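S.K.: I'd like to go over a predicted model; first the sequence, then the structure.
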Amino acid sequence: MAVREEDILEALKVVIDPDLKKDIVSLGFIKEMKIAGSSVSFDLELTTPACPLKAELEKGAREAALSVAGVEDVKVNVTSSVRKAGPGGMTAPKIENLIPSVKNVIAIASGKGGVGKSTVSVNLSLAMAAEGAKVGLLDLDIYGPSIPMMMGAKGQPKNDGGKMVPIENHGVRMMSLGFLVPDGAPLIWRGPMVMSAVEQLLKDVAWGDLDYLFIDLPPGTGDAQLSLTQKAHMSGAVIVTTPQDVALLDATKGLAMFKKVNVDVLGIIENMSFYLCPNCGERSEIFSHGGARKASEKEGVPFLGEIPINVNIREGGDSGKPIVIADPEGPLAERFREMAKALAARISIQSFQENQENNAATANQ
């Protein structure tokens, strides 16, 4: 008996996406199916190249197809098409969007300075790009732009049709005031100038099509944060903090600000979480430990992970080769990859829920 496409699709319905709670056929993940005798091939189109369930879903799809009578060989080609998430469903407030070609805007924020927010921004963007996503990184830390140095990027952006062309390094497109002002020159700007700069760094940059744009914000809850939420459709924010009480207090304020302006908080990361002595392996919790996890549980937001104090992370930032690039197979890079995958999964779930909400609202009209 000839193998039929409808039998393959029926068999594939046993494969459930654990995050989206639906089968991969109903979700539209199966595409380009081809049958040649006993051989079957199809695309498995996931919602992000950084999907943490990639291997599990591929294995399940292959085994399900092989269970059909007459099928002896199955080729699963895993692809991805990143969905857009935010700023919410049809009931969300309508705001201006100066960067419509960007699918997902992710703010990296902190309540206070010195917690390693830029280090997290850089390494998360590189980890996401390493998975195959199209990634940008915008340095909105107006008063202390550090992204050019940390990414090993120099030069001034070129002009193309009145827009600045992002400078690219390590596979990530970047823009920063650090490319536009002389080294060491201080920026002494009042609020309206900061708000104008934020707007220009969004609309006057030729970002092109991006799956994810990470935005490194200045610490606190000031003009840059407010301007961003008013000028871009944000998928959400990630709060970076250290474990000590004062940092957690400020992080909670940042979290509250994003909630107040209807921006989803995608998770909390604890940086400088502990120190492992490279000689004896003894663990020291210099700034205490576990406060960010407790804060995430209290506030009802995901805890994305913890990053230890490590000299290699500092050296990577100073040399322009962040740890994800300098030691891609090492345990520190693995931590950032896992956090990037968790973030991508969270955004995919958010996108799916918003689509469900929109479909329900349309059906009720």
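M.R.: That came through fine. Remember, predicted model here, so these are calculated numbers, not experimental data.
S.K.: low pLDDT regions in the stretch 1-150 of the chain?
M.R.: 87-94 (pLDDT under 70).
S.K.: Let's see that with 90 instead.
M.R.: The stretch 1-150 of the chain contains residues with pLDDT under 90 at 1-2, 84-96, 111-114, 141-144.
S.K.: Show me the helices in it, by range?
M.R.: For the stretch 1-150 of the chain, applying DSSP state H, counting those that start in this stretch gives helices covering 5-12, 54-66, 117-130, 147-150.
S.K.: Which positions within the longest one qualify as buried?
M.R.: It refers to helix 117-130. Buried residues in helix 117-130, counted by 16 or more other CB atoms under 10 Å: 117-130. C-beta here means a position set from N, CA and C on the backbone, and glycine is covered the same way.
S.K.: Go through those residues and name the one nearest residue 34.
M.R.: residue 130 (30.1 Å; CB to CB).
S.K.: Thought residue 328 was touching the closest one, still the case?
M.R.: Yes - between residue 130 and residue 328 there is a contact at 7.1 Å, judged by CB atoms under 8 Å.
S.K.: tell me how far the ends of stretch 101-121 are from each other?
M.R.: 20 Å (CA to CA, to the nearest Å).
S.K.: likewise stretch 108-121?
M.R.: Taking CA to CA as the criterion, the two ends of stretch 108-121 lie 6 Å apart.
S.K.: which other residues reach it?
M.R.: Here stretch 108-121 makes contact (CB atoms under 8 Å, 6 or more residues apart in numbering) with 124, 137, 139, 141, 144, 146-147, 150, 214-221, 225, 237-242, 246-247, 249-254, 258, 269, 271-272, 307, 313, 317, 322.
S.K.: Could you tell me which of the residues you listed belong to helices?
M.R.: 124, 147, 150, 225, 246-247, 249-254, 258, 313, 317 (DSSP state H).
S.K.: Out of the residues you listed, which end up buried?
M.R.: Here, 16+ other CB under 10 Å leaves 124, 147, 150, 225, 247, 250-252, 254, 258, 313, 317 buried among the ones in helices among the contacts of stretch 108-121.
S.K.: Show me which of those residues has the smallest pLDDT value.
M.R.: Confidence by pLDDT is poorest for residue 247 among these, given 75.
S.K.: Surely that one touches residue 253?
M.R.: No - using CB under 8 Å, residue 247 is not in contact with residue 253, being 10.9 Å away.
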